[in-house]
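> Starting from these lines, generate the structure:
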Amino acid sequence: MKSMALILVLLTSLFSVSSLWGQDLQSERIRSMSSRKRSIYLESGIFHNGSESLKSEIKSVRHNYSTKLGYERLVFDFETAKVPRIYGYISAGEKKMYIDFFDTKLSSDIGSFGQSQYIKAINFFPINEDSLSVEVLFKDKVTLDIFHLSSPGRFVVDIKE
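Next up, the predicted model:
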């Protein structure tokens, strides 16, 4: 009987300790992206657009800093009228944003990105022929307003400190 109680205590403490190392998804902010600018700036969390699967291609990536508006706009332009399925994660601690574009290819003629106020680098990782992961590295801690537009499809990120 004592050995059974000891095993029960060990199992209980094992499960309690293992939960300390797991990711707490309850504390993550999960947001559905809007199809218009809302001016709700996030510093961390998960976002998605919840769209149906749509084959597309990123034809350009551009940015513009507006001193008057106080933010830099990053835009991913698609060849289709709507954006494909998008899932992403903003990590304030890492100063990064991770984005997955499903059923999406990267155009071979994407040009140089140039100098940016807030963006250190953009890295593209074609997972397979039809899926693309993107990592956006920021120079400092920033907040982001994320939304998408149609006709043509555009994924828009407004960045400010």
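
> Counting neighbours, which bits of whichever helix or strand L74 is part of end up buried?
L74 belongs to strand 71-78 when assigned by DSSP states H and E. Going by neighbour count (16 or more other CB atoms under 10 Å), the buried part of strand 71-78 is Y71, E72, R73, L74, F76, D77, F78. Every C-beta, even on glycine, is put in place using the N, C-alpha and C of the backbone.

> So which other helices or strands are in contact with that strand?
Based on contacts counted as 3 or more CB pairs under 8 Å, 6 or more residues apart in numbering; DSSP states H and E, the elements that strand 71-78 packs against are strand 56-66, strand 154-160.

> Look up how far L137 lies from G111.
19 Å (CB to CB, to the nearest Å).

> More neighbours: these two, which one.
Between G111 and L137, L137 has the larger neighbour count (other CB atoms under 10 Å), namely 13 against 9.

> got the angle for the helix or strand where the more buried one lies vs strand 154-160?
Taking DSSP H and E as the definition, L137 sits inside strand 132-138. Inter-element angle recorded for strand 132-138 and strand 154-160: 20 degrees (by axes from the mean of the first three to the mean of the last three CA atoms, to 10 degrees).
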